[in-house]
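K.L.:
A predicted structure for the sequence below; I have some questions about it.
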Amino acid sequence: MKKMLVSFTLPVCLLLACCSSGKAEKKQDIAATEKQASARDADPGVVVMSTRPSDIPVGAANATLTQAAQFAWNQFIALNWPAVPQDGTNREKPSVLPFGTTGQPLIWQTYRSRVELFPWQDSLPPGATQDPGTGKVTFHYNATPQYYYKKKIQSCNQSPDPGVPPWINLDEISQIGLNFMFDGDASDDYPPTGNSVPKLIRFLAKGNSMYSEYINEHSYFNHGGTYFQDVTNFKNAVANDKPPADGSGFIEFPSDTVMVKSAWRLLTKAELASGRFYSAPVRFYEKKAGKICYNDEAGWGMVALHIVQRSPSTPHYFTFATFEQADNITNVFGNPIESTVGGATPNGSPTTPEISHTDYPNPVTTTAKGAFCNPSGNGHLFYKNSAPGLPQATDGHGGICVNNRRYPIPQQIVDVNKEAQQKIQVYDQANNVTNSPWPYYKLINVQFQPFSAADINDSNPNRLASTYRQANIVVETNYTLQNFSGRLTNDDLSSDGQTTDFTATGTPFTNVLIANSAKMQFAHYNMGGCMGCHGNAQVGGTDFSFMLFEGPEIEPETPDFSQAALAARRKEYKF
């Protein structure tokens, strides 16, 4: 593939989360920030403010699950704060409008989508300019979004180019190539849409300005610069169990780096009217006459949000927090089985059919017990596996219905959800905010300390099985992802898509490696859930970032469920 050789001149404003104009505005911003910082100091719990917390106040190593959950909620509130109207100069800048105001992009939505971070090789990131004489490139993080894939993509309905596309760019439809997730709402009460599979849940991933600055500074955006050498350096350090003494020579994102992943689906007319979902215009992709095209539509709702952040107290790993819309898991009548704060107790098999798994020393197998469910007219969420080693209905029509969570939301999280929602409601009353969707979202869990499976202890709130196996019900849905630890078998999704806690030779596999304070060796963890899954990207040399691991984007995913498309998708997600 063609690589661009670029050098860099970084404007000062790129080093900031946002660029403001005018001394008066800067003073106002500083005063507002200081006021919010004082408010957070006065209340170490959940605080409704637009400033994202830089760290857990007591540090990740000293925190309780309750403190980590409060930190996660403060992230969620700040990232879902309305942003100022976007004009190409002010991404990530919070509006003076109250929290809960809708109708304009949220802070996290103004982060760069993965295709903006990693456009196809022949493209500079959107807004970047290159001096024809010197070859120097200036990156303009705040430029309005453009989505540069290998081939130019046209509108499905021949609509004119909108200039600025929707900030929600749903270019993923699978759960890392393993399966596809569908909403099981029994209603077909959808507005007119270009969505060929209305119940399909679609996804996106983004990175903030610190993420963008780091990859651009090192020319990683097109896997140029020293990318491959830096990846090799880390793999060698892992093989020798000895990180470089000065910490250089491999990829490690700086503090304040944030990544997000979000899940969205088309809402029914009744759901749109309910006010229980955050809704925004989206772009999603279809294939017509063999060509990929896009649709820009309103009427879509956010059903999940992952927040991944590096902080001063987590210099060699990230915290992973995951939130859901309150109504994700329903019974066959479409009624939620959990309250808005969680607290449901699993009863019976989490899925229909029941799924089980065996690891070494037996051959690794994942099997289904009982008949596959028929999701037609069923209120359940359901998924269909695509990896060949995972259970699939032989007729291709049956799915695996989701009955409940495999691991309950911990009571500490439930208590913080109550605290957060009460404070949001008090805030809404004080600021005359009506119809806010945020009281209908809840934290599922937060991973803030790595630990191994052997350390699981449900009498220790910081070592719960539910925290170890942290998974979002609509982002990590199938058995492999709900129970993730270790790695995928054969290190290759194209093989079968199953998990194992061992290497190919049968030795224990560790997926999160933390350099100790003296940087003389690594601490090894066989972590589970989100952190453990992303740990495979760390041991692969890209510091927990699958966006960087996958690199330049060829094309968006479309609802093409042919075997050829599925095989290509699994290869793209190879660890």
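P.N.:
The structure has been received and is ready for your questions.
K.L.:
which positions within stretch 244-260 qualify as buried?
P.N.:
Within stretch 244-260, the residues scored as buried using 16 or more other Cβ atoms under 10 Å are 249-253, 256-260. (Glycine included, C-beta is placed from N, CA and C.)
K.L.:
biggest separation within those residues, which pair?
P.N.:
Across the buried residues of stretch 244-260, no pair lies farther apart than Gly249 and Val260, at 28.4 Å, counting by Cβ to Cβ.
K.L.:
among the buried residues of stretch 244-260, find the lowest-pLDDT one for me.
P.N.:
pLDDT across the buried residues of stretch 244-260 is lowest for Gly249, at 89.
K.L.:
just checking, that one touches Asp230?
P.N.:
Yes - using Cβ atoms under 8 Å, Gly249 is in contact with Asp230, at 6.6 Å.
K.L.:
where does this protein have low pLDDT?
P.N.:
1-43, 245-247, 345-346, 396, 490-495, 517-519, 563-564, 566-575 (pLDDT under 70).
K.L.:
on the three-state scheme, Tyr294 is what?
P.N.:
strand (DSSP: H, G, I helix; E, B strand; the rest coil).
K.L.:
partner residues bridging the residue nearest the centre of the chain?
P.N.:
The C-alpha lying nearest the average C-alpha coordinate of the chain belongs to Lys261 (Cα atoms, centre = their mean; 2.0 Å). Here Lys261 shows beta-bridge partners Ala205, His306, assigned using DSSP bridges.
K.L.:
that one against Phe203, yeah?
P.N.:
Yes - Lys261 is within contact range of Phe203, at 6.5 Å (criterion: Cβ under 8 Å).
K.L.:
what is in contact with these two at once?
P.N.:
Counting by Cβ atoms under 8 Å, 6 or more residues apart in numbering, the shared contacts of Lys261 and Phe203 are Val475.
K.L.:
which residues touch the nearest residue to Arg283 once chain neighbours are set aside?
P.N.:
Computed as Cβ to Cβ, 6 or more residues apart in numbering, the closest residue to Arg283 that is not its neighbour in sequence is Pro166, at 4.6 Å. Under the criterion of Cβ under 8 Å, 6+ apart, the neighbours of Pro166 are 280-283, 296.
K.L.:
A strand includes Pro166, no?
P.N.:
No - Pro166 is assigned coil when assessed by three-state DSSP, not a strand.
K.L.:
before we move on, back to that, between the buried residues of stretch 244-260, which sits nearest Gly532?
P.N.:
Met259 (16.0 Å).
K.L.:
C-alpha coordinates for the strand or helix carrying the closest one, PDB please?
P.N.:
Element membership for Met259, per DSSP states H and E: strand 258-266. What follows is strand 258-266 as a C-alpha-only set of coordinates in PDB (Å, rounded to 0.1, in the frame of the first residue of the first chain):
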ATOM      1  CA  VAL A 258     -10.000   9.200  25.600                       C
ATOM      2  CA  MET A 259     -11.700   6.700  23.200                       C
ATOM      3  CA  VAL A 260     -15.400   6.000  23.000                       C
ATOM      4  CA  LYS A 261     -17.600   3.300  21.400                       C
ATOM      5  CA  SER A 262     -21.300   3.700  21.000                       C
ATOM      6  CA  ALA A 263     -24.200   1.500  19.800                       C
ATOM      7  CA  TRP A 264     -27.300   2.900  18.000                       C
ATOM      8  CA  ARG A 265     -30.500   1.600  16.500                       C
ATOM      9  CA  LEU A 266     -33.500   2.800  14.700                       C
END
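K.L.:
neighbouring contacts of the next helix or strand after that strand?
P.N.:
Using DSSP H and E, the helix or strand that directly follows strand 258-266 along the chain is helix 269-274. Here helix 269-274 makes contact (Cβ under 8 Å, 6+ apart) with 185, 187, 189-191, 277, 279, 299, 301.
K.L.:
is it correct that Pro450 is in contact with His316?
P.N.:
No - in this structure, Pro450 is not within contact of His316 by Cβ under 8 Å, at 9.5 Å.
K.L.:
which one of those two has more residues nearby?
P.N.:
Legend: neighbour count by other Cβ atoms under 10 Å for Pro450 and His316, higher for Pro450 (25 against 20).
K.L.:
the more buried one and Ser262: what is the separation?
P.N.:
24 Å (Cβ to Cβ, to the nearest Å).
K.L.:
Thr510 and Arg405: what is the separation?
P.N.:
Distance from Thr510 to Arg405, by Cβ to Cβ: 27 Å.
K.L.:
sorry, wrong one. I was asking about Tyr440.
P.N.:
Counting by Cβ to Cβ - Tyr440 and Arg405 are separated by 18 Å.
K.L.:
okay, these two: which has more neighbours?
P.N.:
The residue with more neighbours, out of Tyr440 and Arg405, is Arg405; 22 against 18, by other Cβ under 10 Å.
K.L.:
contacting residues around that one?
P.N.:
Counted by Cβ under 8 Å, 6+ apart, Arg405 has contacts 329, 344, 346, 350, 473.
K.L.:
return the members of the residues you listed classed as buried.
P.N.:
Judged by 16+ other Cβ under 10 Å, buried ones among these: 329, 350, 473.
K.L.:
need those residues in JSON lines with secondary structure, can you?
P.N.:
Shown next, in JSON lines, are the buried ones among the contacts of Arg405 (three-state DSSP):
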{"residue": "Ile329", "secondary structure": "coil"}
{"residue": "Pro350", "secondary structure": "coil"}
{"residue": "Ile473", "secondary structure": "coil"}
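K.L.:
ok, those residues vs Ala239, which is closest?
P.N.:
Among these, and counting by Cβ to Cβ, the member closest to Ala239 is Ile473, at 36.8 Å.
K.L.:
which stretches in this structure count as helices?
P.N.:
23-42, 65-79, 114-117, 209-217, 227-240, 269-274, 411-430, 465-468, 479-482, 529-537, 546-550, 563-572 (DSSP state H).
K.L.:
want to throw the ones you listed into a markdown table with mean neighbour count?
P.N.:
Formatted as a markdown table, the helices of the chain follow (neighbours: other Cβ atoms under 10 Å):
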| stretch | mean neighbour count |
| --- | --- |
| helix 23-42 | 12 |
| helix 65-79 | 24 |
| helix 114-117 | 25 |
| helix 209-217 | 22 |
| helix 227-240 | 16 |
| helix 269-274 | 14 |
| helix 411-430 | 18 |
| helix 465-468 | 22 |
| helix 479-482 | 24 |
| helix 529-537 | 26 |
| helix 546-550 | 21 |
| helix 563-572 | 16 |
